[in-house]
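Enquirer: Provide a 3D model corresponding to the input given below.
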Amino acid sequence: MDNERVLEKIEELMLVHGYSKYRLSKLSGISKSTLATIFNKRSTVSLSNLSLLCDAFDLTLSEFFALFEGKETEKKVILDFPVEWWNGLDPEVRRKMSTLMFTMAKLMEKDSPGKND
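Expert: Okay, the predicted model is just below:
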């Protein structure tokens, strides 16, 4: 996975969640200067920093990387997602809902016509 795609996905998540770099810094615990270096110089995001960023978005690393497996319509689906409702849910409920959604998506992929099993 190239770093540019990771940064683009982080920026997309920031947009969806309405996070500024300042807010992301506060939520992730990563200094503003480190975030500035990552975004401005397009430097490589360390796994430990990526983990902290995922925590800020209430994602696991595996959920973050699963976002790259989507189709072309993924961006529209993410932007149409009811973020306000989602953010109002208890974190444990969000975790359970995420598990349910990923399971359903996998089942739907498996049952899609034209898929080679």
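
Enquirer: list the contacts of the residue nearest the centre of the chain.
Expert: Geometric centre of the chain, nearest residue: Phe64, 4.5 Å, by C-alpha atoms, centre = their mean. Contact analysis of Phe64 by C-beta atoms under 8 Å, 6 or more residues apart in numbering lists 9, 50, 54, 57. For glycine as for every other residue, the C-beta is placed from the backbone atoms N, C-alpha and C.

Enquirer: for the third one, which non-adjacent residue is closest in space?
Expert: Okay, so that is Cys54. In space, and not counting its chain neighbours, Cys54 is closest to Phe64: 4.9 Å by C-beta to C-beta, 6 or more residues apart in numbering.

Enquirer: separation between the one you found and Leu107?
Expert: Distance, Phe64 to Leu107, using C-beta to C-beta, to the nearest Å: 21 Å.

Enquirer: with Val16 instead?
Expert: Between Val16 and Leu107 the computed distance is 25 Å (C-beta to C-beta).

Enquirer: so the two - more neighbours on which side?
Expert: Taking other C-beta atoms under 10 Å, Val16 and Leu107 do not tie; Val16 has more neighbours (16 against 10).

Enquirer: in which helix or strand does the more buried one reside?
Expert: Element membership of Val16, judged by DSSP states H and E, is helix 3-17.

Enquirer: quick check: buried residues in that helix?
Expert: For helix 3-17, burial by neighbour count (16 or more other C-beta atoms under 10 Å) applies to 6-7, 9-10, 13-14, 16-17.

Enquirer: likewise stretch 85-102?
Expert: Ser98.

Enquirer: what's next to it, contact-wise?
Expert: By C-beta under 8 Å, 6+ apart, stretch 85-102 touches 17, 58, 63, 66.

Enquirer: try 7 Å this time
Expert: 58, 63, 66 (C-beta atoms under 7 Å, 6 or more residues apart in numbering).

Enquirer: so of those, which ones are in helices?
Expert: In helices, judged by DSSP state H, the following of these are found: 63, 66.

Enquirer: returning to that earlier point: can you add pLDDT and distance to Lys26 and give the contacts of Phe64 back as a markdown table?
Expert: A markdown table is the format used below for the contacts of Phe64 (pLDDT from 0 to 100; distance: C-beta to C-beta, whole Å):
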| residue | pLDDT | distance to Lys26 |
| --- | --- | --- |
| Lys9 | 90 | 20 |
| Leu50 | 94 | 17 |
| Cys54 | 93 | 15 |
| Phe57 | 92 | 13 |
